[in-house]
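A.B. asks: Sharing a model prediction with you, sequence too.
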Number of protein chains: 2
Amino acid sequence: MRITIIGSGNVGTHLAAAFKNAGHVIVQIYSPHIHNAELLAYHIKAQAIGNLNDINSDTDIFIISVKDDAVAGIAEALAKHNKIMAHTSGSVDLTALSTFSDMSGVFYPLQTFSKNKSVDFLKVPLCVEGASESVTAELVKLAQTISNNVNKIDSAQRKVLHLAAVFAGNFPNYLYGVAQQLLEKNNLQFDLLRPLILETAMKVQKHMPDEAQTGPAVRNDEKTIGLHQQMLNDEPPLKALYGELSQLIIKNFNAKHGLK
Amino acid sequence: MRITIIGSGNVGTHLAAAFKNAGHVIVQIYSPHIHNAELLAYHIKAQAIGNLNDINSDTDIFIISVKDDAVAGIAEALAKHNKIMAHTSGSVDLTALSTFSDMSGVFYPLQTFSKNKSVDFLKVPLCVEGASESVTAELVKLAQTISNNVNKIDSAQRKVLHLAAVFAGNFPNYLYGVAQQLLEKNNLQFDLLRPLILETAMKVQKHMPDEAQTGPAVRNDEKTIGLHQQMLNDEPPLKALYGELSQLIIKNFNAKHGLK
């Protein structure tokens, strides 16, 4: 397919590379900061543009990968080209596009992307939704050229997925950072924790999190919980967070086991 | 070496297997529930005992892998054998053993273990401490036969490591479970999140968590944060947790970038 990428952020960058690798033609890359578009376009041999007036209509699909607030404005500007357009956001409703065009959809990769780290796209769950069956079919077809994990997900489900992804990805990463800061303060290397972090994530690749829960809270080990909270006395927000998460783990365990 | 394992929990089980694989002799395995000791002993061809009076003195080291509260009592009972004894706990001070014997130490594997999942022990950080230099040297030597990641860590540092491990392992696993529950309620498969969970942990194997942070909070995307909190209206504790973690991420980002 001939694909135009709108936006040159983390998601746009990784999608552009995956499309290119799959043999598609990247027609143009747009960014309001043309320098960003140029950087990305250089790598995947596409044309960089910094103005939506320079859009080449000879394309099959616009992939709109911009900030959530900007999606609708972009869709309005692109509608006149009468091509499929799909945004890549977890939390923007399909209607943000379908207001302007029937040929609209969503192409949401459920993964965390950083510019400086490559990702095996074949394993990235792609969540696809179309304003019509024919658009859905086109998006599924395109998605299957870059991923073995393609799912039809409607806007309501996608919002739940996005919320769940914050709990499963963004928040754990923040907690890794808390651990790193605790170690740094005590002249210990973050390296010591890296195998634990990886193993914790590996465990739930086959098992369910409930089965994998370890630590003082799930054992209701009040002595260790008390010791840990005492160690956080000079960090009141972390002390509160420790207490809250521990209580939630205990509550969760008791609920599973019919205790109160 | 000739090694006696006291306790047949997750840590004891994995250590026993790793010692056995490295060519050591497991003399006996003790558990107050002899059936548990028998199960483990069967796999690694050791003698199971359910009574500390049946301890065979012809051993080089006792590895004490029992609940934190039970460590001191076991140490008191074993001291008369005059062999090295080391506990495996993250939060128990060396003095719990050294009160009873000079030949005491700590042999703490900084990893999460489940009985039904094997672990590449060579990569497990082993944190070793001895009551004397000669005990430390013996423990380091033993540790190096099963791991390439051996560290001398004193009791105060070990407690920090253990606290950090709760933030980096136990709490993220709980959050995976929250995500799973959100998906289940909406008839979505946890499978959809597994690649994200793994990639989030993979990212910090080379990078620092701060550099890897993504999501609505670090973008200070109030609209999405508000939408997510609204979606959690019927789960007040999770709504509160979402708000608290988001605020901490925003605060952390601002502190790093000199914003207030």
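C.D. replies: Looks like it came in fine. Numbering: from 1, shown residues only, chains lettered A, B, ... in the order given.

A.B. asks: A:Leu142 and A:Ser98: what is the separation?
C.D. replies: 18 Å (Cβ to Cβ, to the nearest Å). C-beta: built from backbone N, CA, C; applies to glycine.

A.B. asks: no wait, A:Leu196
C.D. replies: Applying Cβ to Cβ to A:Leu196 and A:Ser98 gives a distance of 45 Å.

A.B. asks: out of those two, which sits in the busier spot?
C.D. replies: Using other Cβ atoms under 10 Å in any protein chain shown, the more surrounded residue of A:Leu196 and A:Ser98 is A:Leu196, with 25 against 20.

A.B. asks: Quick check: nearest residue in space to that one, chain neighbours excluded?
C.D. replies: Leaving out its chain neighbours, the residue that sits closest to A:Leu196 by Cβ to Cβ, 6 or more residues apart in numbering or on different chains is B:Gly169, at 4.9 Å.

A.B. asks: cool, and A:Leu110?
C.D. replies: A:Pro125 (4.4 Å).

A.B. asks: contacting residues for that neighbour?
C.D. replies: A:Pro109, A:Leu110, A:Gln111, A:Ser147, A:Asn149, A:Val150, A:Asn151, B:Asp191, B:Leu192, B:Pro195, B:Leu196 (Cβ atoms under 8 Å, 6 or more residues apart in numbering or on different chains).

A.B. asks: can you tell me which of the residues you listed lies nearest to B:Asp102?
C.D. replies: B:Leu196 (50.1 Å; Cβ to Cβ).

A.B. asks: can you confirm A:Ile26 is in a strand?
C.D. replies: Yes - with DSSP: H, G, I helix; E, B strand; the rest coil as the criterion, A:Ile26 is assigned to a strand.

A.B. asks: correct me, but it touches A:Ala16?
C.D. replies: Yes - here A:Ile26 reaches A:Ala16: they are 5.6 Å apart, a contact under Cβ atoms under 8 Å.

A.B. asks: which neighbours do these two share?
C.D. replies: Residues touching both A:Ile26 and A:Ala16 (Cβ under 8 Å, 6+ apart) are A:Ile5, A:Ile44, A:Ala46.

A.B. asks: Tally up the residues packed near the last one, please.
C.D. replies: Applying the criterion other Cβ under 10 Å, we find 22 residues in the vicinity of A:Ala46.

A.B. asks: Go through the strand or helix carrying A:Asn252 and flag the buried ones.
C.D. replies: Using DSSP states H and E, A:Asn252 maps to helix A:236-256. Using 16 or more other Cβ atoms under 10 Å in any protein chain shown as the test for burial, helix A:236-256 gives A:Leu238, A:Lys239, A:Leu241, A:Tyr242, A:Glu244, A:Leu245, A:Ser246, A:Leu248, A:Ile249, A:Ile250, A:Asn252, A:Phe253.

A.B. asks: Show the contacting residues for the first one.
C.D. replies: When contacts are counted by Cβ under 8 Å, 6+ apart, A:Leu238 touches A:Val178, A:Leu232.

A.B. asks: Pull up the gap between the nearest residue to A:Asn220 once chain neighbours are set aside and A:Ala217, please.
C.D. replies: Of all residues not flanking A:Asn220 in the chain, A:Ile250 sits nearest, at 5.7 Å (Cβ to Cβ, 6+ apart). Counting by Cβ to Cβ, the gap from A:Ile250 to A:Ala217 is 6 Å.

A.B. asks: Strands along the stretch 101-250 of chain A, start to end?
C.D. replies: Using DSSP state E, counting those that start in this stretch, the strands assigned to the stretch 101-250 of chain A run over residues A:104-109, A:126-130, A:150-152.

A.B. asks: coming back round to it: do you know how far the residue nearest to A:Leu196 is from A:Ala217?
C.D. replies: B:Gly169 is 12 Å from A:Ala217, where distance means Cβ to Cβ.

A.B. asks: quick one on the thing from earlier: dump the buried residues of helix A:236-256 to CSV, plus pLDDT.
C.D. replies: Listed next are the buried residues of helix A:236-256 as CSV, based on pLDDT from 0 to 100:
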residue, pLDDT
A:Leu238, 97
A:Lys239, 97
A:Leu241, 97
A:Tyr242, 98
A:Glu244, 97
A:Leu245, 98
A:Ser246, 97
A:Leu248, 97
A:Ile249, 97
A:Ile250, 95
A:Asn252, 92
A:Phe253, 91
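
A.B. asks: Looking at these, point me to the pair that's furthest apart.
C.D. replies: Farthest-apart pair in the buried residues of helix A:236-256 is A:Leu238 and A:Phe253; separation 22.3 Å (Cβ to Cβ).

A.B. asks: Stretch A:145-164 near chain B anywhere?
C.D. replies: Yes - on the criterion Cβ under 8 Å from any Cβ of the partner chain, stretch A:145-164 is in touch with chain B at A:Asn149, A:Asn151, A:Ile153, A:Ala156, A:Gln157, A:Lys159, A:Val160, A:Leu161, A:His162, A:Leu163, A:Ala164.
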